[in-house]
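[1] return a 3D structure for these sequence lines:
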Amino acid sequence: MAVFVCRVGNPMGEVLDKEIQATTLKEAENKLKDSGYHVFSIRKKTGLSLKRRKVPMKHFLVFNQEFLALVRAGIPIFNGLTLLSKRIKNPVFQKILQDVLRMVKEGHSLSDAFLAHRDRFPAVYPSVLAAGERSGALEDVLESYIQHEHLLFTTKKKLKSAFIYPAFLVLVAALSIGVIINFVLPSFADFYKGFDKELPAMTRVVVSFSLFIKHHILLEIGVILVLILSAQWVLRTETGKRWLEKGILKIPLIHNIWQEYVLSQFCRTFAILLEGGIPALDALGTLSFTNPSVHFSLEIQTASEVVSSGGKISRAFEESVIVDELTLDMIRIGEESGSVSAMLKSAADYHDEDLSNLLEGVVSLVAPVVLLAMGVLIAALLIAMYLPLFDITDIMS
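    Next up is the predicted model:
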C-alpha cells in the first residue's frame, strides 16, 4: 500500500494538505471524495524523498511562548512575527519566519503561511492555527497547544532517557568484545602457533574468527556502513516503517511501551484539535498522518470513514487493536456528556503514567540482562583462549 500526498478542499471552504494510504492513485482519490473532500492535486509519495531539517522543538516552543505573549499584549500578528524573526538565532528557523512574514504580507492567513513549511514543524501546528483563526480565540488555542507540546516533549524525553543506559551498556559491550577479538585473541593465536598438539575445537573456532576479523577489517567497516545506510533508507519508506513496527509489536514489553506512547500522542493531539474547534472528521484526517504508528494510522483512516458516514468516534474505534477499552469508555462518556476533549486528556494522562511505569521496568530489566550477556560472551572468549593452557604439559610434550 502506497502513501499519496493530496491537496484538498473541505466543505468549510478550507484548503488542506493531507496524506492518505491506498493501493492506487484512483483508490486514494475515491477515498477523499467519499469523505466529502474536493481533490485539487494528488501525487504518490516516494520513499527516496529527503526530508528537510526540522526546527528544533526547544526553539519552536520558545517561539510560541513569546508569540503568545506578544499576541496577548495586543501587538498585531505581523509586527509580532517581525520582532521575533529578528530575535531567532537559528538560521533555518529565521529564514522560515521571513518567508512566513512575506506570505502574511501578501494576504495569506497565518495557518496557510506555516502550512507551506509543514515539514519543518509538527504537522498538526497549521491546523491548530487555522482553528484559532476561525474561532477568533488564537490566544486560547496557542496556550493549549503549548501545554500539549510540552507534555509530548516530556514524554519523548522520558522515552529516550529510558533507553540511554541500556544503549550505553550495549556500546561498551561491543567495544570490549571488539578489543578482545582484534587485539587480545590474535596474540594468543601467535602464541599457539608453535604448538604441535591440535588445539581444542572451541579454541580453533575463536582463533579462526579473530584472524578473519583482523585481516578483513576494511571490508567489515564497509559492510557495517552499507548496512547502516541501507537501514536508514529502508526506514524512510512506508514498507520499512511497517516492518520495524511489526518487529516492535512482537517484543512483549516493548510492544506495551509502544502502544502506550502511541495512544498518549493520539489522545493529546486529538484533544487539542477538538478543543480548537476543528471538526472530528478533519481532526482524524490530520491524525492519520501525524501519528507515529503506521498500523494505527491505517486504523484512523478506517475510523474516519465510519465518522464520515455519521458514526460515533467510539464506534469507529471498536475494532481497533491499538485503542484499549479504557480509552473507548472515556470517549463514550465524553460523547454522552459533550466533553470528548476533556476525557481524551484524562486518557492521555493515564497512558503517560502507565508509560512511565513501563519505562522504569525496562531499565531495571534490560540493564542486568545486557550485563549478564556481556559477561557470558567475554567469559566464553577467555575460556576458549585459556582452555589449551589447562593441559599445557600435554601440549608442550
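
[2] please count neighbours and contacts with C-alpha atoms only from this point.
    Noted.

[3] any low-confidence regions in the protein?
    Applying pLDDT under 70 to the chain flags residues 1-3, 12-15, 23, 40-41, 44-53, 194-197, 238, 390-397.

[4] can you point me to the longest helix in it?
    Secondary structure of the chain per DSSP state H: the longest helix is helix 340-386.

[5] which secondary structure elements does that helix contact?
    helix 138-179, helix 201-215, helix 252-275, helix 325-337 (3 or more CA pairs under 8 Å, 6 or more residues apart in numbering; DSSP states H and E).

[6] export those helices to a markdown table and tack on distance to Leu358?
    What follows is those, written out as a markdown table (distance: least, CA to CA, whole Å):
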| stretch | distance to Leu358 |
| --- | --- |
| helix 138-179 | 10 |
| helix 201-215 | 39 |
| helix 252-275 | 6 |
| helix 325-337 | 18 |
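
[7] so the longest helix of the chain versus helix 138-179, what angle?
    10 degrees (axes from the mean of the first three to the mean of the last three CA atoms, to 10 degrees).

[8] helix 340-386: how far from the chain's middle?
    What separates the centre of helix 340-386 from the centre of its chain is 18 Å, taken as CA atoms, centre = their mean, to the nearest Å.

[9] that helix vs helix 252-275, what angle?
    Using the same axes, to 10 degrees: helix 340-386 against helix 252-275 is 160 degrees.

[10] angle of helix 340-386 against helix 201-215?
    Using the same axes, to 10 degrees, helix 340-386 lies at 110 degrees relative to helix 201-215.

[11] picking that back up, pick the most buried one from the helices and strands packed on helix 340-386.
    helix 252-275 (a mean of 22; mean count of other CA atoms under 10 Å).

[12] ok so, going back, out of the helices and strands packed on helix 340-386, nearest to Ser230?
    helix 138-179 (20.7 Å; CA to CA).

[13] against which helices or strands is that closest one packed?
    helix 57-72, helix 125-135, helix 252-275, helix 340-386.

[14] and the angle from that helix to helix 57-72?
    170 degrees.

[15] what's downstream of helix 138-179, the next helix or strand?
    Going down the chain from helix 138-179, the next helix or strand is helix 185-192, by DSSP states H and E.

[16] that next one - contacts with which helices or strands?
    Using 3+ CA pairs under 8 Å, 6+ apart: helix 185-192 touches helix 201-215.

[17] now do the helix it packs on: distance to the chain's middle.
    That offset, for helix 201-215, works out to 40 Å (CA atoms, centre = their mean).

[18] downstream of that helix, the next helix or strand is which one?
    helix 217-236.

[19] export that following helix to CSV, keeping only CA atoms.
    Extracted in CSV, the C-alpha atoms of helix 217-236 (Å, rounded to 0.1, in the frame of the first residue of the first chain):
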residue,chain,number,x,y,z
ILE,A,217,38.9,-5.0,8.9
LEU,A,218,38.3,-2.6,6.0
LEU,A,219,35.8,-5.0,4.5
GLU,A,220,34.0,-5.2,7.8
ILE,A,221,33.8,-1.4,8.2
GLY,A,222,32.5,-1.1,4.7
VAL,A,223,29.8,-3.8,5.3
ILE,A,224,28.8,-2.1,8.5
LEU,A,225,28.5,1.3,6.8
VAL,A,226,26.5,-0.2,3.9
LEU,A,227,24.1,-1.9,6.4
ILE,A,228,23.6,1.3,8.4
LEU,A,229,22.9,3.4,5.2
SER,A,230,20.6,0.6,3.9
ALA,A,231,18.7,0.5,7.1
GLN,A,232,18.2,4.3,7.1
TRP,A,233,17.0,4.2,3.5
VAL,A,234,14.6,1.3,4.2
LEU,A,235,13.2,3.0,7.3
ARG,A,236,12.3,6.1,5.3
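
[20] what comes up buried for that helix?
    234-236 (16 or more other CA atoms under 10 Å).

[21] next SSE downstream of that helix?
    Heading C-terminal from helix 217-236 (DSSP H and E), you reach helix 238-249.

[22] gap between that following helix and the chain center?
    The answer for helix 238-249 is 12 Å, by CA atoms, centre = their mean.

[23] same check on stretch 119-137?
    So, by CA atoms, centre = their mean, the centroid of stretch 119-137 is 21 Å from its chain's centroid.

[24] then stretch 255-266?
    11 Å.

[25] using the three-state scheme, assign the residue minimising distance to the centre of the chain.
    Nearest to the geometric centre of the chain sits Pro292, at 5.0 Å (CA atoms, centre = their mean). In the three-state summary, Pro292 is assigned as coil, counting by DSSP: H, G, I helix; E, B strand; the rest coil.

[26] in this structure it contacts Tyr261, no?
    No: using CA atoms under 8 Å, Pro292 is not in contact with Tyr261; the gap is 9.1 Å.

[27] is Leu344 in contact with Gln265, as I believe?
    No: in this structure Leu344 lies outside contact range of Gln265 using CA under 8 Å: 10.4 Å.

[28] which among the helices and strands packed on helix 340-386 is found nearest to Ile20?
    helix 252-275 (17.2 Å).

[29] let me see the residues that make contact with the closest one.
    For helix 252-275, contacts defined as CA atoms under 8 Å, 6 or more residues apart in numbering pick out 124, 127-128, 131, 141, 144-145, 148, 152, 155, 248-249, 280, 283-284, 287, 291-293, 322-323, 340-342, 344-345, 347-349, 351-352, 354-355, 358-359, 362.

[30] and Arg87, how many neighbours does it have?
    11 (other CA atoms under 10 Å).
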